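J.: Sharing a model that was predicted from the sequence below.
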Amino acid sequence: MEWTGKNRKRFREALQKVYPSKRDLEIFVDEDFEENLGEISQDGNLKHLCSDLITFAQRQGKLDKLYNTFCQENADNPVIIELKNEIDRIFDAPMTAIPSEDWDRIFSHFLDLDISILSTACKIAFKQRFDQPISLIRPDQPPLDSPDNIKDLLVKYDNFSLTCLFVTHAIRLSREVENVRDFTGLENWILDIRNPQEENHDLARYFYLLVSINPKNQDEVRLTAELHGCSNSIEAFDGADAGQRGMILDLSHVRKEERADTIAQKLIDPLSRWIKLAESKMLEEAGEQTRQRVTLEVFLPWALLDMNFSRWSVINEFEDTVCLLTHRGVLVRSLDRCQKPGLSINLNQGWNSLRQAIEENRLNECCGEIDCSSQTFLGSLGGDYPIYRLPRGLPKERETRHNLLKQLLDAPTPLALWTQSSQLDRETALRSLDNLLTSDNLIEPARFAEQIRQQQVNHGHLAVLYDRPDRIPTLPSQQTPFYAQS
């Protein structure tokens, strides 16, 4: 290799980032490069140490060895990926992972007005690919204020997995705002392109089992289930009878105050079967890319949002009956927001506010609190926060509780969290709820659900309503009848 001053500088900067202390650098030089850093340089300044090390290696004819050893020992570090993309390309002129025409194809689907979406998608992609936020990966803070700047950053990394994650999230975020643009070409690009040098596990796939409890009339409810995340289509599951999409529960003989528990009891067998079927489909679809078990999204009418999910059970892989909340990640969503345009509009408004707060790292400014022990707690909804925490749980009186739930659904509030235990004091409950409210958790619903599941395992007594404008269930209608062949 012909090392120019510019390339030596780039190498030195990478050494400083990967080994931020003198001790870290000493260990690398001793164990991997098999030299004594103390004999190479006595300088205490890290920048000077790295420069002296490179100069020593070049004089000894070992600079290529130092560079290759450094890259091999830190192969998964994003600093190395960027360094190799810059330096190796100069020396070896290898084929790029992604052809230039594909970059043009990707960004032709987006406009300058989409910059907020593209910026958020870029941050999510870096976090998922390298397991740390871009602010740590790139402390120089490369600008993400235009599609061209984002494209330049991604081209510099030229990383297949990173780009596919970026495209996937850009499509998802765009559809949350407006679902009219055709992204079929981009989705096919993700499925078609292959790079044998990249491992498939970098592209973790998430799958969601949508279970809807939809009132048919005063005494009957329809239960339907479908799997989202498959590349070909949404996978609808049969009910108890082959060809019947879901199942119908007759509750005419059950008192109203007992219906929630009856539904939970009747769901044990079908829900257990749907989970196993969903995860079988996941393995068929994604194979080794499947890194997380299916996430459940349960859609409930407003009158059932106060159900105690700690009473829901399923049958696990060992045929034991276990609590659903500790078995799989579960998110509760509102059925009414899928069916009623006014509520959907309010949800869109609240979701845009929440997404902007996540992007700008100011979640602490958009959390309201409702203390249901107060006589005037309903007035707490006047702030229209996108997140509400209820550390003392829901009101005990049924009519008051239902009034509160209806007001929450009518507010631009995608996320509400409450405790289901009177034994927790306010401070402990708030701390438990706030531990979940991080940007990383809220970016990807499946990860958020897993954090909630772990919280249930450790502490329990937690309910979460987490609504989004995307992944809407296909409810029975004239176009999609209840009795239909799967």
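T.: On my side now, so go ahead.
J.: For the rest of this, base every contact and every neighbour count on C-alpha atoms.
T.: Will do.
J.: Identify all contacting residues around stretch 304-315.
T.: Residues outside stretch 304-315 that contact it (CA atoms under 8 Å, 6 or more residues apart in numbering) are 260-261, 264-265, 268-269, 271-272, 321-325, 327, 332, 334, 394, 405, 420, 461, 463.
J.: What's the ChimeraX line that selects buried ones from those residues?
T.: Restricted to buried positions by 16 or more other CA atoms under 10 Å, the ChimeraX selection for those reads:
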select :260,264,268,271,272,323,324,325,327,332,334,394,405,420,461,463
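J.: Please flag which of the contacts of stretch 304-315 sit within helices.
T.: Here DSSP state H is the test, and the contacts of stretch 304-315 give Ala260, Asp261, Ala264, Gln265, Ile268, Asp269, Leu271, Ser272, Leu324, Leu325, His327, Leu405 as lying in helices.
J.: Give me the distance from stretch 454-470 to the chain's centre.
T.: Mean-position distance between stretch 454-470 and its chain equals 14 Å (CA atoms, centre = their mean, to the nearest Å).
J.: ends of that stretch, how far apart?
T.: 25 Å (CA to CA, to the nearest Å).
J.: Would you mind listing the buried residues in that stretch?
T.: 454-456, 460-469.
J.: got it, and stretch 101-116?
T.: Trp103, Ile106, Phe107, Phe110, Ile115, Ser116.
J.: Same question for stretch 5-18.
T.: Those would be Arg8, Phe11, Arg12, Glu13, Ala14, Leu15, Gln16, Val18, for stretch 5-18 by 16+ other CA under 10 Å.
J.: How about stretch 55-66?
T.: Result for stretch 55-66 [16+ other CA under 10 Å]: buried residues Thr55, Ala57, Gln58, Leu63, Leu66.
J.: Farthest-apart pair in those, please.
T.: Maximum pairwise distance in the buried residues of stretch 55-66, criterion CA to CA, is 10.9 Å, between Thr55 and Leu66.
J.: quick one: least confident helix or strand in the protein?
T.: Ranked by mean pLDDT, DSSP states H and E, the weakest helix or strand in the chain is helix 78-92, scoring a mean of 67.
J.: what's the model's confidence in the next helix or strand after that helix, averaged?
T.: Heading C-terminal from helix 78-92, the first helix or strand you meet, by DSSP states H and E, is helix 100-107. Average pLDDT, helix 100-107: 88.
J.: right, and the helix or strand after helix 100-107?
T.: According to DSSP H and E, the helix or strand after helix 100-107 is helix 115-130.
J.: what angle separates that following helix from helix 100-107?
T.: 120 degrees (axes from the mean of the first three to the mean of the last three CA atoms, to 10 degrees).
J.: in helix 115-130, what's buried?
T.: For helix 115-130, by 16+ other CA under 10 Å, it's 115-129.
J.: helices or strands up against that helix?
T.: Counting contacts by 3 or more CA pairs under 8 Å, 6 or more residues apart in numbering; DSSP states H and E, helix 115-130 packs against helix 134-137, helix 147-157, helix 160-177.
J.: Now do the second one and helix 100-107, the angle between them.
T.: If you take the same axes, to 10 degrees, helix 147-157 sits at 140 degrees to helix 100-107.
J.: hmm, who's touching whichever helix or strand Leu249 is part of?
T.: Counting by DSSP H and E, the element that carries Leu249 is strand 247-250. Contact with strand 247-250 is made by Asp219, Glu220, Val221, Arg222, Leu223, Thr224, Asp238, Gly239, Ala240, Ile263, as judged by CA under 8 Å, 6+ apart.
J.: Ok, stretch 424-440 next?
T.: Contacts of stretch 424-440 (CA under 8 Å, 6+ apart): 358-359, 361, 363, 389, 391-392, 417-419, 448, 451-452.
J.: I'd like the residues you listed written out as a markdown table, with pLDDT and distance to Arg138 added.
T.: Below are the contacts of stretch 424-440 laid out as a markdown table (pLDDT from 0 to 100; distance: CA to CA, whole Å):
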| residue | pLDDT | distance to Arg138 |
| --- | --- | --- |
| Ile358 | 80 | 19 |
| Glu359 | 73 | 16 |
| Asn361 | 74 | 17 |
| Leu363 | 82 | 22 |
| Arg389 | 90 | 34 |
| Pro391 | 87 | 38 |
| Arg392 | 85 | 41 |
| Leu417 | 91 | 34 |
| Trp418 | 89 | 37 |
| Thr419 | 84 | 39 |
| Phe448 | 88 | 25 |
| Gln451 | 87 | 27 |
| Ile452 | 88 | 30 |
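J.: out of these, who has the most neighbours?
T.: Pro391 (28 neighbours; other CA atoms under 10 Å).
J.: And that residue, its phi and psi?
T.: phi -70, psi -20 (degrees, to the nearest 10).
J.: give me every residue that touches it.
T.: Here Pro391 is in contact with Glu369, Ile370, Asp371, Trp418, Thr419, Asp425, Arg426, Glu427, Ala429, Leu430, Leu433 (CA under 8 Å, 6+ apart).
J.: quick one on the thing from earlier: let me know the closest of the contacts of stretch 424-440 to Phe166.
T.: The closest of the contacts of stretch 424-440 to Phe166 turns out to be Glu359 (CA to CA; 15.0 Å).
J.: Not counting residues beside it along the chain, what's closest to the closest one?
T.: Once flanking residues are discounted, Glu359 sits nearest to Thr120: 6.3 Å by CA to CA, 6 or more residues apart in numbering.
J.: quick one: the strands in this structure?
T.: Per DSSP state E, the chain carries strands over the ranges 208-215, 220-228, 235-236, 247-250, 295-300, 313-315, 321-323, 330-334, 367-369, 387-390, 415-419, 462-466.
J.: Just give me the neighbour total for Gln356.
T.: Neighbour tally, Gln356, other CA under 10 Å: 16.
J.: Hmm, Ala463 is touching Gln420, no?
T.: Yes: counting by CA atoms under 8 Å, Ala463 touches Gln420, with 6.8 Å between them.
J.: circling back to that earlier point, reformat the ones in helices among the contacts of stretch 304-315 as TSV; add pLDDT and distance to Ile81.
T.: Shown next, in TSV, are the ones in helices among the contacts of stretch 304-315 (pLDDT from 0 to 100; distance: CA to CA, whole Å):
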residue	pLDDT	distance to Ile81
Ala260	90	53
Asp261	91	54
Ala264	93	50
Gln265	94	52
Ile268	94	48
Asp269	93	48
Leu271	94	44
Ser272	95	43
Leu324	93	41
Leu325	90	39
His327	93	38
Leu405	93	49
